[in-house]
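Visitor: Predicted model, plus sequence, below.
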Amino acid sequence: MDFSLTEEQEMLRKSARDFLTAECPKSLVREMVKDEKGYPHQLWQRMGEMGWMGLIIPEEYGGAGASFFDLVVLLEEMGRACLPGPFFSTVVLGGLTILEAGSEGQKKEILPKLAEGRLLLTLALTEPSAIYTADGIQTKAMQRDKEFLIQGTKLFVPDAHISDYLICAARTKETEIPEDGITLFLIDPKSPRVSCTLLKTIAGDKQCEVIFDNVNVPRRNILGNLNKGWLILHKILEKAVVAQCAEMVGGAKQVLETTVEYAKQRMAFGHHIGSFQAIQHYCANMLVDVDGCSLVIYNAAWRLSKGLPAAQEVAMAKALINERFKRIAASGIQIHGAIGFTEDHDLPLYFKRAKAWEINLGDTDFHLDKIAKAAQI
Amino acid sequence: MDFGFSQQEKSFRKEVREFIKKEFPSELRWHSRVTFAPSIHGLDDEAWKFMKTMSRKLGAKGWLSLSWPEEYGGQNSSFLQNIVYEEVLYHNCPGINHMGVTFLAPTLIHFGSEEQKKKHLPGIARGEVYWCELLSEPDSGSDLASLKTQAIEEGAYYVINGQKTWSSGAHLSDWGFVLVRTEPNLTRHKGLSYFLIDMKTPGITVNPILDMLGEHEFAEVFFDNVRVTKENLVGGKNKGWYVTMATLDFERTALMFYPSVRGYLENLSEYIKQIQKPLNPVLRNRLAELLAECEMARLIHYRAIWMMERGSIPTHEAAMDKLYNCELAQRAAEFGMQILGNYGGLLPGSKFACLNGWPLFSYLDTVSYSIMAGTSEIDRNVIAVKGLDLPAE
């Protein structure tokens, strides 16, 4: 057992923090909340030069071939910085799915461009029912010769409006078992009869409604095997959940540091407020939450990196950080007082993300249910 | 990072588990009083006899000293030692005198003289010599540095006068470690010293205190001109505070209740299935949450153990370990009673009592968990000051 990062991971963490501190100030984060695209092209290019988009892509496809755990280290820093833009949708939701399910040809076509930052991807999974289980997928794909006709609505699709490809999960067979009969399709969102509407969201992240109105997709655009898409999604979702947890715990760490810094400077009743036990106990509770969640998330990430079964650990990580990041953000604001909930302060960015990320990829009840099922209760 | 167990650790766990199942079969478990803290809890004569026998058996296996350096008979592995703790807690098996094994032994290894180590470690390793902790006083609890018990230097001796209290198992112990004031003119923690003391020394009187379970678990201890020789001073005169802080750090890593809580939740789930009481979705999710919290408690504990494995003493990490595990045990106990409703209030022996009173006793017993070994408030102070560098007071 070893609770330390490798030297390379420490370097990745440091270089990411230095880069994002310099290149992703909070003024930019606020600007991007209002920006329709949601990310500055120049910053994206520079991230590509840093090798971030290609971090976990194997070297043969132009990436660095790093581990999923390394990606978690990077995502934690992105969560700290509230980095806006399509990294999560492109690399986590899109890139991991292509890696898992893509044919050699699809990988060769997509991954090198993705690694260079020249291609954006996303996963069109959830629908108006807003659930992350297989029975939520009602969009239909009907086979017509060498094509499929896609019909249905996807909702809460991140960054669909700027993506070069959507990976759409659609039902290709009606069966009793909802996990059976789902197929993944690569779809160009500029195809005829695809319409995309940008939604307005709590944290300013870009989510879309995507309507497929009998969209023609050639058979060669299937990712993986016909009717076996859920097997892929199941794997991808486990990693995506932990990736989301990593951003959350990064955000939580930043809130705690900002708050402790403030408590050491702010004076009241002739003392630094950080010397008051009422404030200290808030901060101590925040550190317990931050450290505990970190460990649980790293454990889940380590298992996934090693290819070990991790369903229980993944659900525990998300269930725990969901509630804890929210209360950490709320405690941060409480300790700051009124300044903490002003528009120009950094803390509201985290408070809003805590909620946005909690409901993304399964809320607390969803993951508690998974834990209960795994424990046979 | 690596969260896995080595092959050696896995097979060792199997060996320990089989040993405990053999020595402490489930009939025995359900015959005795089951709580989260099998070894710390109040013991009747029969239980005490079992505790002593089991302690020697664990000692004979070498399982009470696994974390010690090889020169003192250990294997230098805090991880292996932790496996023993996990298994005894999971099976509610008494047999570890924590005051000796987990609090004092590592303190002596870090701060004791060679003579003290040679004299005291073997008895602890064999599970033969029982220790108690003598820190709190009637007017000095959380504010330990205000303590008044005095030790006056007289030739080759120190003469101790005063009173200690809340000492778990003092009435059953062979030896104790005691923090006393050796320099009245030095303020607070600067004038304190740490002594090892034979509990049979003339002038020591141990009186029982009954806790709210009606059990004789802790005691008050009076010192009336008790003479202790200088070789029993640990860490030097007036240096006792620093030694005590280390003891408390070790103590806080010993209050790792996640194996007990996990075992409790498993038994509770099984019991609910047996009586065919369906869990409503709210309680089912609450149970799932407690299982997730057990995992978090386990990893917080392992971080502290990992630090010890690398030769350092966890401070705020130990306080966090204790705080989280103890408060989790309280939440789990509360949950058990919530699930059982009216049945939860029945004492063991009563018609309709559940799980031999385990839920009820845990509910009553865990009230003390946020007080013993430093209150939750003191733990939070330690976390804030040592972990976040916030200004003390």
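Guide: Now that the structure is in, tell me what you want to look at.

Visitor: Flag every residue of the stretch 51-200 of chain A that's near chain B.
Guide: residue A:69 (Cβ under 8 Å from any Cβ of the partner chain). Where you see a C-beta, it was placed from the backbone N, CA and C, and this is true even at glycine.

Visitor: Please give the number of neighbouring residues around the residue in the stretch 51-200 of chain A that chain B sits nearest to.
Guide: Residue nearest to chain B within the stretch 51-200 of chain A (Cβ to the nearest Cβ): residue A:69, separated by 7.1 Å. A count of neighbours around residue A:69, defined by other Cβ atoms under 10 Å in any protein chain shown, yields 21.

Visitor: Over to residue B:300?
Guide: 26.

Visitor: Could you pull up the residues touching it?
Guide: Residues in contact with residue B:300 (Cβ atoms under 8 Å, 6 or more residues apart in numbering or on different chains) are A:288, A:291-292, A:295, B:317, B:320-321, B:324-325.

Visitor: can you tell me which helix in chain A is longest?
Guide: helix A:229-265 (DSSP state H).

Visitor: follow-up on the earlier one: how much space separates the residue of the stretch 51-200 of chain A closest to chain B from residue A:242?
Guide: 10 Å (Cβ to Cβ, to the nearest Å).

Visitor: For the residue of the stretch 51-200 of chain A closest to chain B, which non-adjacent residue is spatially closest?
Guide: Nearest residue to residue A:69, sequence neighbours excluded (Cβ to Cβ, 6 or more residues apart in numbering or on different chains): residue A:305, at 4.3 Å.

Visitor: ditto for residue A:2
Guide: residue B:2 (4.3 Å).

Visitor: Please list all residues in contact with the one you found.
Guide: A:1-2, A:302 are the contacts of residue B:2 under Cβ under 8 Å, 6+ apart.

Visitor: Buried by neighbour count, from those: which ones?
Guide: Neighbour counting with 16 or more other Cβ atoms under 10 Å in any protein chain shown marks A:1, A:302 as buried within the contacts of residue B:2.

Visitor: want to throw the contacts of residue B:2 into TSV with secondary structure and pLDDT?
Guide: As requested, these are exported to TSV (DSSP: H, G, I helix; E, B strand; the rest coil; pLDDT from 0 to 100):
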residue	secondary structure	pLDDT
A:1	coil	92
A:2	strand	95
A:302	helix	98
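
Visitor: List the contacts of stretch B:356-363.
Guide: B:30, B:33-36, B:213, B:264, B:267-268, B:329, B:332-334, B:336-337, B:340, B:344-349, B:353.

Visitor: remind me which residues of the stretch 151-300 of chain B are low pLDDT?
Guide: Along the stretch 151-300 of chain B, no part satisfies pLDDT under 70.

Visitor: so where do the strands sit in it?
Guide: Taking DSSP state E, counting those that start in this stretch as the criterion, the stretch 151-300 of chain B carries its strands at B:157-168, B:175-181, B:192-198, B:204-210, B:216-229, B:233-234.

Visitor: Give me the buried positions along the third one.
Guide: Using 16+ other Cβ under 10 Å as the burial criterion, the residues of strand B:192-198 that qualify are B:192-197.

Visitor: Quick check: nearest residue in space to residue B:231, chain neighbours excluded?
Guide: Going by Cβ to Cβ, 6+ apart, residue B:231 has residue B:115 as its nearest residue, at 6.2 Å.

Visitor: what's the helix or strand that that neighbour is a member of packed up against?
Guide: Assigned by DSSP states H and E, residue B:115 belongs to helix B:114-125. If you count contacts as 3 or more Cβ pairs under 8 Å, 6 or more residues apart in numbering or on different chains; DSSP states H and E, helix B:114-125 packs onto helix B:105-111.

Visitor: quick one: contacts of the helix it packs on?
Guide: B:65, B:67-69, B:72, B:116-117, B:120-121, B:124-125, B:177, B:234-235, B:242-243, B:246-247, B:250, B:308, B:313.

Visitor: Now which of those residues would you call buried?
Guide: Members of these classed as buried by 16+ other Cβ under 10 Å are B:65, B:67-68, B:72, B:116-117, B:120-121, B:124-125, B:177, B:234-235, B:243, B:246-247, B:250, B:308, B:313.

Visitor: Residue A:376: neighbouring residues, count only.
Guide: Residue A:376: 7 neighbours (other Cβ under 10 Å).

Visitor: where do the strands sit along the stretch 1-150 of chain A?
Guide: A:121-124, A:140-144, A:147-158.

Visitor: Of those strands, which stretch is the most buried?
Guide: Mean neighbours per residue, mean count of other Cβ atoms under 10 Å in any protein chain shown, is largest over the strands of the stretch 1-150 of chain A for strand A:121-124, with a mean of 28.

Visitor: how far out from the middle of the chain is that one?
Guide: With Cα atoms, centre = their mean, to the nearest Å as the basis, strand A:121-124 stands 12 Å off its chain's centre.

Visitor: who does it touch, helix- and strand-wise?
Guide: Using 3+ Cβ pairs under 8 Å, 6+ apart: strand A:121-124 touches strand A:147-158, strand A:165-171.

Visitor: contacting residues around the shortest one?
Guide: Spelled out, it's strand A:165-171. A:93-94, A:97-98, A:110, A:119-125, A:137-141, A:148, A:150, A:152, A:154, A:157, A:160, A:181-189, A:210, A:212, A:223, A:229-230, A:233.

Visitor: swap the cut-off to 6 Å and go again
Guide: A:97, A:121-125, A:137, A:139-141, A:150, A:160, A:181-182, A:184-187, A:189, A:229 (Cβ atoms under 6 Å, 6 or more residues apart in numbering or on different chains).

Visitor: any idea which helix or strand comes after it?
Guide: strand A:182-187.

Visitor: mind saving the C-alpha coords of that next one as CSV?
Guide: Listed next in CSV are the C-alpha coordinates belonging to strand A:182-187 (Å, rounded to 0.1, in the frame of the first residue of the first chain):
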residue,chain,number,x,y,z
ILE,A,182,-28.3,-0.5,-27.4
THR,A,183,-25.9,0.6,-30.1
LEU,A,184,-23.4,3.5,-30.2
PHE,A,185,-23.3,5.7,-33.4
LEU,A,186,-20.8,8.3,-34.4
ILE,A,187,-22.9,11.2,-35.8
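
Visitor: Enumerate the positions of that strand that are buried.
Guide: For strand A:182-187, by 16+ other Cβ under 10 Å, it's A:182-187.

Visitor: and what of stretch A:340-360?
Guide: A:340, A:345-354, A:356-358, A:360.

Visitor: any idea which of those residues is the one closest to residue B:223?
Guide: residue A:340 (52.6 Å; Cβ to Cβ).

Visitor: residues near the residue nearest to the closest one when sequence neighbours are not counted, how many?
Guide: Nearest residue to residue A:340 in three dimensions, chain neighbours excluded: residue A:333, at 3.8 Å (Cβ to Cβ, 6+ apart). Summarising burial for residue A:333: neighbours were counted as other Cβ under 10 Å, giving 19.

Visitor: Then residue A:130?
Guide: The burial count for residue A:130: 11, using other Cβ under 10 Å.

Visitor: again with residue B:147
Guide: So residue B:147, with other Cβ under 10 Å, has 23 neighbours.

Visitor: circling back: any chance of the buried residues of strand A:182-187 in CSV, with pLDDT and distance to residue B:153 too?
Guide: Putting these into CSV (pLDDT from 0 to 100; distance: Cβ to Cβ, whole Å) gives the following:
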residue, pLDDT, distance to residue B:153
A:182, 98, 81
A:183, 98, 85
A:184, 98, 81
A:185, 98, 86
A:186, 98, 84
A:187, 98, 86
